[in-house]
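Peer 1: what follows is a predicted structure for the sequence shown.
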Amino acid sequence: MSKRSIVTAFIVLLIVAMISACTSGGNSNGGGNTGNVQNQSGNSSDNSSNNNSSGSNSGGSSSGGTSSGEQVVIRYVNWNLGTEADNNIERQMIQAFEESHPNIKIELDESFDYSAYEDSLLAAAAAGKLPDVIMLSNIPFGLSNEWLMDITELTKNDAEWANLPPALEQATHYGNGIYAIPAGMFFMGYFINQDLFEQANLPELDFAPTWDQFQNAIRTLNNPSEGIIGLAEEVQIPEWYAASVDSKLGWYAWDAAAEQYHLNSAGYIEGINKAREFFQGKYTFDSLSDEQKAQYNAGWYGEVWNQGKIAVRWEGTWATRDFSNLNFNSRFIGVPGGRFALVGDFMGIAKSSANPEAAYEFAKFMTFGKDGILKRIELNVDGSYTSLPLTTDASVLDQYFASGAYPGLKEAYESIDQAIIEGVKFVPGYVRSRWQAPTGVKIGDNDNASIGDLIFHSTKGNVRFEDYADQANKLANEEYAKAVETISALTQ
C-alpha cells in the first residue's frame, strides 16, 4: 500500500455529517470502549445460499442484489443484538429488512460467544463458517486475517454511499480498495451537569468553550467538602489537547499528512501536564482521599456523576440514553477549542460470501441507507438509537434532529468539520502504539511499563513524560509502521 493511500485512510476531512459500549449504527451502546480491541469477533452457520447476483447496487435499490425469486441466506454477527426475547431495535431492524426484502433471510447464531468476540470469529473462520456480514472490532483486524472483501464495485454506483460523512468513508479505504462499511458515528467529549451550574449561579459552558472557561468552571464548581467534584477524570486530556492547539494534529497527536505520531510535540506534552494539574489539584474523583471518597458510597466516578455530584464528565454520545434518564439536566459541550472526537463503528463483508450484493444491501439498510435510518428513527421509541445519522442527506438530518436529539448534539453536528477521528478502529497498530508496547521504563515496581502505563502515570505525576517523550514517540511510530507493512501486503 502506497504512502498516499495510507494517508487517504487517515486524513481527518472537513465534513458535515468502541466492546462493553461498542455497537453498530443505531444502538444504545455504540462506539465507546474503543480501546478494547482485543476481545471481539463473530460467527456463522452453513453456507446454504445461491449467488444470483445482478451487479452493483444503485442508490435506492431494494432488490437485494438478486435477479431470481430464490431466497438468499445472509449470515450476520454483531455484539449488539441482545436476545431474541429482548427484541431490541437491532432485531426489529432485521425484521423490517426481511419484510422489505422477502427474498433475503438474515440468519443469526444465537449460541455465539460474544464475551470472546474476536476469538469466536477466528474459530468460525477456521471452520469455514465466517458470516457474510461482520461487525468489526476494528478494520485492521479483519484485514490482517484476510477476511474482508473489497467492496469498491458495490459502492461506486451507489448514490447513498456518496452521502456518507466523508471522514468515515475515507477511513474504509486501504490501498486501492474499500474494505469496510461505516456502521455508527458517535461523538466523544465533555458533558455538563446543568443543574450544578444553575445552583452555583455560574453561566453554563457553551459548546466548545475556551480552555480558560473550561478550567475556571471546573475550579469554581469543585467543592468536595460540599460533595461536588469539578471534573470526573483527567486522563482524556492528552488525547485531544494537542489537536486543539495544533491544527495539523489529530487524536493522540496523530499527524495524518506525515503519517506519524507527535508524542514529543509541545502540544502533547502540555496536554499531559494540564491533566496532571487537575489531578494534583484534587479536582477529580480519583484524586480524592479515601475519606473524601467515602461520602459518595461509590466505586467509581460514574456512580458519582449519576448522583448529580460531578460538574463535568468525559463520555461518548452512546451514553445519551442513560444520561437522559438521570434526575438532573445535562448537555454535550464537546471539548475546548471545538475539535471534539468522532468515533466510528464499521462492518465488513466476508470474502467468502456467496451473495455479496445481498450482503451489501443488508449492511446498508442497517447502517447508512436512507430507508434504514428513517426506520431507526421510527423505531426509536426507547432512545436506543444513539448513533448520529450516517448521511449528509439534509432531509434525513432534519427529521433526526426534529425527533428530539440529546441537548448539544445539533451544535456539535453543525461543527463536525472541526472533529478529529479517534483512531482505534482503523489506524494500523493503534492498540500497541497507544497502550500495549513495552517502553523499558521503570515505574514503581514495574520494570518495563507499557506506553499506556507511561502516559497514565504521567497524568498522575508519578513520572515526567517529557523525560521519555522522544522514546515514546519513536516506539509508537515503529508499531504503526510494522502494522502498515503487514496490511500493505494484503491490500495491493
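Peer 2: Arrived safely. Numbering: from 1, shown residues only.
Peer 1: quick one: the strands in the stretch 101-250 of the chain?
Peer 2: Assigned by DSSP state E, counting those that start in this stretch, the strands in the stretch 101-250 of the chain fall at 104-108, 133-136, 173-174, 177-178, 181-193, 229-231.
Peer 1: using PDB, write down the CA coordinates of the helix of greatest length in the chain.
Peer 2: With secondary structure taken from DSSP state H, the chain has its longest helix at helix 469-488. Once side chains and other backbone atoms are set aside, the C-alpha atoms of helix 469-488 remain, and they are given as PDB (Å, rounded to 0.1, in the frame of the first residue of the first chain):
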ATOM      1  CA  ALA A 469       8.700  11.700  25.100                       C
ATOM      2  CA  ASP A 470      11.200  11.000  22.300                       C
ATOM      3  CA  GLN A 471      11.400   7.400  23.300                       C
ATOM      4  CA  ALA A 472       7.600   7.000  23.400                       C
ATOM      5  CA  ASN A 473       7.200   8.800  20.100                       C
ATOM      6  CA  LYS A 474       9.700   6.500  18.400                       C
ATOM      7  CA  LEU A 475       8.000   3.400  19.800                       C
ATOM      8  CA  ALA A 476       4.500   4.500  18.800                       C
ATOM      9  CA  ASN A 477       5.600   5.200  15.200                       C
ATOM     10  CA  GLU A 478       7.500   1.900  15.000                       C
ATOM     11  CA  GLU A 479       4.400   0.000  15.900                       C
ATOM     12  CA  TYR A 480       2.400   1.900  13.300                       C
ATOM     13  CA  ALA A 481       5.000   1.100  10.600                       C
ATOM     14  CA  LYS A 482       5.000  -2.600  11.400                       C
ATOM     15  CA  ALA A 483       1.200  -2.800  11.200                       C
ATOM     16  CA  VAL A 484       1.200  -0.900   7.900                       C
ATOM     17  CA  GLU A 485       3.700  -3.200   6.400                       C
ATOM     18  CA  THR A 486       1.500  -6.200   7.200                       C
ATOM     19  CA  ILE A 487      -1.700  -4.700   5.800                       C
ATOM     20  CA  SER A 488       0.100  -3.300   2.800                       C
END
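Peer 1: re the thing from before, the strands of the stretch 101-250 of the chain: which one's closest to Gly344?
Peer 2: For those, distance to Gly344 was read as CB to CB. The smallest value, 5.7 Å, belongs to strand 181-193. All C-beta atoms are positioned from the backbone trio N, CA, C, and that covers glycine.
Peer 1: give me the sheet partners of the closest one and which way each runs.
Peer 2: Under the criterion DSSP bridges, strand 181-193 sits next to strand 310-316 (antiparallel), strand 330-334 (antiparallel), strand 341-349 (antiparallel) in its sheet.
Peer 1: could I get those strands in a markdown table, plus columns for mean neighbour count and distance to Ile229?
Peer 2: Putting the strands paired with strand 181-193 into a markdown table (neighbours: other CB atoms under 10 Å; distance: least, CB to CB, whole Å) gives the following:
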| stretch | mean neighbour count | distance to Ile229 |
| --- | --- | --- |
| strand 310-316 | 24 | 5 |
| strand 330-334 | 24 | 15 |
| strand 341-349 | 29 | 23 |
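Peer 1: so what's Ala298 up against?
Peer 2: 304, 307 (CB atoms under 8 Å, 6 or more residues apart in numbering).
Peer 1: should've said Ile269
Peer 2: Going by CB under 8 Å, 6+ apart, the list of residues near Ile269 reads 465-466, 469.
Peer 1: following the helix or strand harbouring it, which helix or strand comes up?
Peer 2: Using DSSP states H and E, the secondary-structure element containing Ile269 is helix 266-280. Using DSSP H and E, the helix or strand that follows helix 266-280 towards the C-terminus is helix 290-294.
Peer 1: what packs against the next helix or strand after that following helix?
Peer 2: Using DSSP H and E, the helix or strand that follows helix 290-294 towards the C-terminus is helix 301-306. Secondary structure elements in contact with helix 301-306, counted by 3 or more CB pairs under 8 Å, 6 or more residues apart in numbering; DSSP states H and E, are strand 310-316.
Peer 1: just how off-centre is the strand it packs on within its chain?
Peer 2: Relative to the mean C-alpha coordinate of its chain, strand 310-316 is positioned 17 Å out (CA atoms, centre = their mean, to the nearest Å).
Peer 1: so what touches it?
Peer 2: Residues from elsewhere that reach strand 310-316, judged by CB under 8 Å, 6+ apart: 21, 30-32, 186-193, 196-197, 205, 214, 217-218, 221-222, 228-233, 236, 285, 301, 304-305, 323, 343.
Peer 1: same thing but at 6 Å, please
Peer 2: Identification of contacts with strand 310-316 by CB atoms under 6 Å, 6 or more residues apart in numbering yields 32, 186, 188, 190-193, 196, 218, 221, 229-232, 236, 304-305.
Peer 1: output it as CSV, nothing but the C-alphas.
Peer 2: Extracted in CSV, the C-alpha atoms of strand 310-316 (Å, rounded to 0.1, in the frame of the first residue of the first chain):
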residue,chain,number,x,y,z
ILE,A,310,-19.9,15.9,39.2
ALA,A,311,-19.9,19.1,37.2
VAL,A,312,-18.1,18.0,34.0
ARG,A,313,-17.7,14.5,32.7
TRP,A,314,-16.0,12.9,29.7
GLU,A,315,-18.1,10.3,27.8
GLY,A,316,-19.3,9.3,24.3
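Peer 1: for the stretch 301-450 of the chain, which segments count as helices?
Peer 2: Counting by DSSP state H, counting those that start in this stretch, the stretch 301-450 of the chain has helices at residues 301-306, 320-324, 356-366, 370-379, 394-402, 409-414, 430-431.
Peer 1: chain center to the longest one, what's the gap?
Peer 2: The gap between the average C-alpha position of helix 356-366 and the chain average comes to 21 Å, counting by CA atoms, centre = their mean.
Peer 1: so which elements touch that helix?
Peer 2: With contacts defined as 3 or more CB pairs under 6 Å, 6 or more residues apart in numbering; DSSP states H and E, the secondary structure elements packing on helix 356-366 are strand 72-77, helix 89-100, strand 341-349.
Peer 1: any idea which of the helices of the stretch 301-450 of the chain is most buried?
Peer 2: Ranked by average neighbour count under the criterion mean count of other CB atoms under 10 Å, the helices of the stretch 301-450 of the chain are headed by helix 356-366 at a mean of 27.
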